[in-house]
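1. pasting a predicted model and its sequence here:
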Amino acid sequence: QVQLVESGGGLVQAGGSLRLACAASESIFNINAMGWYRQAPGAQRELVAVITNGGRKDYADSVKGRFTISRDNAQNTVYLQMNSLKPEDTAVYYCNADQLLFSTGWAPGDYWGQGTQVTVSP
(Lines give C-alpha, C1' and ligand atoms only; values in the text may rest on other atoms or scores of the structure.)
Protein backbone atom coordinates (compact mmCIF):
# COMPACT_ATOMS: atom_id res chain seq x y z
CA GLN A 1 0.00 0.00 0.00
CA VAL A 2 1.17 3.50 -0.74
CA GLN A 3 2.89 5.45 2.02
CA LEU A 4 2.75 9.23 2.11
CA VAL A 5 5.24 11.61 3.69
CA GLU A 6 4.51 15.30 4.06
CA SER A 7 7.08 18.05 4.37
CA GLY A 8 7.30 21.82 4.21
CA GLY A 9 5.37 22.86 7.27
CA GLY A 10 6.61 25.44 9.73
CA LEU A 11 6.04 28.78 11.40
CA VAL A 12 5.23 31.78 9.24
CA GLN A 13 3.83 35.25 9.81
CA ALA A 14 0.42 36.22 8.52
CA GLY A 15 0.60 37.13 4.85
CA GLY A 16 3.48 34.75 4.27
CA SER A 17 3.75 31.63 2.13
CA LEU A 18 4.59 27.98 2.53
CA ARG A 19 4.80 25.10 0.08
CA LEU A 20 3.86 21.66 1.32
CA ALA A 21 4.97 18.50 -0.45
CA CYS A 22 3.60 14.99 -0.20
CA ALA A 23 5.92 12.26 -1.43
CA ALA A 24 4.43 8.87 -2.19
CA SER A 25 6.34 5.61 -1.81
CA GLU A 26 5.13 4.36 -5.17
CA SER A 27 3.69 5.64 -8.39
CA ILE A 28 0.64 7.85 -8.10
CA PHE A 29 -0.07 7.61 -11.81
CA ASN A 30 -2.98 5.27 -11.19
CA ILE A 31 -4.32 7.17 -8.19
CA ASN A 32 -6.95 9.48 -9.61
CA ALA A 33 -7.53 11.82 -6.70
CA MET A 34 -4.89 13.16 -4.33
CA GLY A 35 -5.52 15.83 -1.79
CA TRP A 36 -4.80 17.73 1.38
CA TYR A 37 -6.78 17.91 4.59
CA ARG A 38 -6.14 19.88 7.75
CA GLN A 39 -7.08 19.64 11.38
CA ALA A 40 -6.91 22.51 13.81
CA PRO A 41 -6.91 21.95 17.59
CA GLY A 42 -10.38 21.02 18.78
CA ALA A 43 -11.76 20.91 15.25
CA GLN A 44 -12.66 18.18 12.82
CA ARG A 45 -10.39 17.29 9.95
CA GLU A 46 -11.48 19.19 6.86
CA LEU A 47 -10.78 19.00 3.16
CA VAL A 48 -8.47 21.72 1.84
CA ALA A 49 -7.88 20.77 -1.78
CA VAL A 50 -8.13 17.87 -4.19
CA ILE A 51 -6.55 17.27 -7.59
CA THR A 52 -7.34 14.54 -10.08
CA ASN A 53 -5.34 13.06 -12.92
CA GLY A 54 -7.74 14.76 -15.29
CA GLY A 55 -6.77 18.15 -13.95
CA ARG A 56 -9.82 18.86 -11.82
CA LYS A 57 -8.99 20.93 -8.76
CA ASP A 58 -11.41 21.54 -5.91
CA TYR A 59 -10.77 23.83 -2.96
CA ALA A 60 -12.40 24.66 0.31
CA ASP A 61 -14.06 28.06 0.13
CA SER A 62 -11.78 29.32 2.88
CA VAL A 63 -8.64 28.82 0.78
CA LYS A 64 -9.84 29.64 -2.74
CA GLY A 65 -7.63 32.21 -4.40
CA ARG A 66 -4.84 31.69 -1.85
CA PHE A 67 -3.89 28.01 -2.11
CA THR A 68 -2.92 26.04 -5.21
CA ILE A 69 -2.70 22.27 -5.44
CA SER A 70 -0.57 20.54 -8.05
CA ARG A 71 0.85 17.11 -8.73
CA ASP A 72 3.92 15.70 -10.45
CA ASN A 73 3.20 12.09 -11.32
CA ALA A 74 6.76 11.55 -12.54
CA GLN A 75 8.04 12.49 -9.08
CA ASN A 76 5.15 10.80 -7.22
CA THR A 77 4.58 14.08 -5.40
CA VAL A 78 1.66 16.37 -4.66
CA TYR A 79 2.16 19.97 -3.65
CA LEU A 80 0.15 22.61 -1.85
CA GLN A 81 1.28 26.18 -2.41
CA MET A 82 -0.15 28.36 0.34
CA ASN A 83 -0.05 32.13 -0.06
CA SER A 84 -1.50 34.99 1.97
CA LEU A 85 -1.60 32.77 5.01
CA LYS A 86 -3.87 33.68 7.90
CA PRO A 87 -3.76 32.66 11.57
CA GLU A 88 -6.88 30.58 10.97
CA ASP A 89 -4.87 28.42 8.56
CA THR A 90 -2.95 27.08 11.55
CA ALA A 91 -3.42 23.31 11.63
CA VAL A 92 -1.80 19.97 10.99
CA TYR A 93 -1.95 19.34 7.26
CA TYR A 94 -2.38 15.80 6.01
CA CYS A 95 -1.89 14.31 2.57
CA ASN A 96 -4.50 11.84 1.41
CA ALA A 97 -4.67 9.47 -1.54
CA ASP A 98 -7.43 7.82 -3.51
CA GLN A 99 -10.35 10.02 -2.60
CA LEU A 100 -13.75 9.30 -4.06
CA LEU A 101 -16.28 11.82 -5.30
CA PHE A 102 -19.89 11.36 -4.25
CA SER A 103 -22.93 13.55 -4.82
CA THR A 104 -22.30 14.99 -1.36
CA GLY A 105 -18.66 15.79 -2.08
CA TRP A 106 -15.24 14.22 -1.71
CA ALA A 107 -14.65 11.38 0.73
CA PRO A 108 -11.11 10.70 1.93
CA GLY A 109 -9.22 7.68 0.74
CA ASP A 110 -7.61 5.05 2.93
CA TYR A 111 -4.07 6.40 2.72
CA TRP A 112 -2.84 9.17 4.99
CA GLY A 113 0.47 10.78 5.73
CA GLN A 114 1.65 11.54 9.25
CA GLY A 115 0.90 15.24 8.94
CA THR A 116 2.94 18.42 8.98
CA GLN A 117 2.32 21.35 11.32
CA VAL A 118 1.61 24.78 9.86
CA THR A 119 1.52 27.66 12.31
CA VAL A 120 0.65 31.18 11.21
CA SER A 121 1.37 33.96 13.68
CA PRO A 122 -0.61 37.22 13.65
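-> Everything's here; your move. Residues are numbered from 1 along each chain as shown.

2. C-alpha only now, for contacts and for neighbours.
-> Noted.

3. skip the chain neighbours and tell me the closest residue to residue 24.
-> residue 4 (4.6 Å; Cα to Cα, 6 or more residues apart in numbering).

4. phi first, then psi, for the one you found.
-> As for residue 4, its main-chain torsions (degrees, to the nearest 10) stand at phi -120, psi 140.

5. what's around it, how many residues?
-> 23 (other Cα atoms under 10 Å).

6. center of this protein - which residue?
-> By Cα atoms, centre = their mean, the chain has its centre lying nearest to residue 36, at 2.0 Å.

7. beta partners for it?
-> For residue 36, the beta-bridge partners are residue 49, residue 95 (DSSP bridges).

8. just residue 19 next, same as before
-> On the basis of DSSP bridges, residue 19 is bridged to residue 81.

9. who touches stretch 63-70?
-> For stretch 63-70, contacts defined as Cα atoms under 8 Å, 6 or more residues apart in numbering pick out 35, 48-51, 57, 78-85.

10. what do you get if the cut-off is 7 Å, keeping everything else the same?
-> Residues from elsewhere that reach stretch 63-70, judged by Cα atoms under 7 Å, 6 or more residues apart in numbering: 49, 51, 78, 79, 80, 81, 82, 83, 84.

11. what kind of secondary structure is the fourth one in?
-> Okay, so that is residue 79. Put simply, residue 79 is strand when judged by DSSP: H, G, I helix; E, B strand; the rest coil.
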